[in-house]
Structure formats: structure tokens, C-alpha cells
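>>> Just the structure for this:
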Amino acid sequence: KMASAAASVRLLSNIRRFSGVSRAATISYTSICRPQNHSISTTSRNFSQPTPRAEKAKVTINYIMRDGSKVPVQSKIGENLLDIAIENDLDIDGFGACEGTLACSTCHLVFEQEVYDQLEEPTDEELDMLDLAFGLTDTSRLGCQVCVTKALDGLTVKVPEGVADARDV
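Residues are numbered from 1 along each chain as shown. Below is the predicted model of the structure:
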């Protein structure tokens, strides 16, 4: 079986070399929150018996809606706040109009200062879109750019009272 795996690795390597395609070029787009392991495994597996996948840990995220109501939702670690809102059918008018491509500011959320300080620094592209957001604060972020970690369990985020779609500017 090891010889078979080694032959597969050699074959894939030769295909890339002869086709002029680099390994990096064969990797498809993935969410910023879900980096994938692109290494090739040389271990053999018995495919007749499925291996159960470990469930990702879940955390609770609380959205304070425009009407002031608090909506708690469960999320897997690694998801972004835009996807969580969409997957849980939160009724937020216009939320995520660009589907997380950093082309609008409709997934604008406001964080408490302590939570904001725990987040990764926003990129220049995110800051450009935030400049066009309705009700911008010092602790504003775009939900599509904030990935949930175990440390954010119990997080409360506020949905601003209005929405400004940067694509309309």
C-alpha cells in the first residue's frame, strides 16, 4: 500500500511538472476562516469502514438586532459572523449583499471594546469599506471578516440601526 501511495505522489508531481501548473495554482479559493491542509497524505486508509469525523466545537454568538432584541445562535469555530447570520436565518435587511467579497459594508457589526481588542487587526480593504458604513464606531468590523474562535464564546455583537451599501456610493 505504501508503494501505491508513493506512486500516486510521484504521478501527481509529474503531472504538475509537465503541465507547468504549480502546486499553489491547484489550490482553490477557501474562506479566510477555514484554512485547509493541502499536504498529500502517504498513509493508507481502509475505505470500507468510514472514519467518524470529529464534531467541531460550537460556541454561542449573541446578535443584538436593530429592534433591540437579543438573538443567540450556535456556531462552529472557524465560521465568520456573516455566514453565521445567514445560516441561522437572521432577518437583517440587506445583510451580506456582496456575499463576503469585501465589496460592500452591509455586514457591519459593532463590538464591545474588550471583544474588539481580541480580534485580529482589520485589513486596509476592510477599513476602506467600513469608512462607508452606516453608524461607524471605533469598534466596528465587517462580519464577513471576523472568524469565530473558542475565545469568542458568548460574544455579543450589535447590528447597527441602519445599513449603507457601499456598492451604491
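>>> need the helices for the chain, in chain order.
Secondary structure of the chain (DSSP state H): helices located at 2-19, 81-87, 113-118, 124-130.
>>> Return the list of helices and strands in contact with the shortest one.
Identification of packing neighbours for helix 113-118 by 3 or more Cβ pairs under 8 Å, 6 or more residues apart in numbering; DSSP states H and E yields strand 155-158. C-beta here means a position set from N, CA and C on the backbone, and glycine is covered the same way.
>>> Enumerate the positions of the strand it packs on that are buried.
155, 157-158 (16 or more other Cβ atoms under 10 Å).
>>> circling back to that earlier point, mind telling me which of the helices of the chain the model trusts least?
Looking at the helices of the chain, the lowest mean pLDDT belongs to helix 2-19 (a mean of 49).
>>> Any stretches of this protein with poor pLDDT?
1-55, 164-169 (pLDDT under 70).
>>> Go again with 90.
Along the chain, the model assigns pLDDT under 90 to residues 1-57, 91-97, 99, 134, 161-169.
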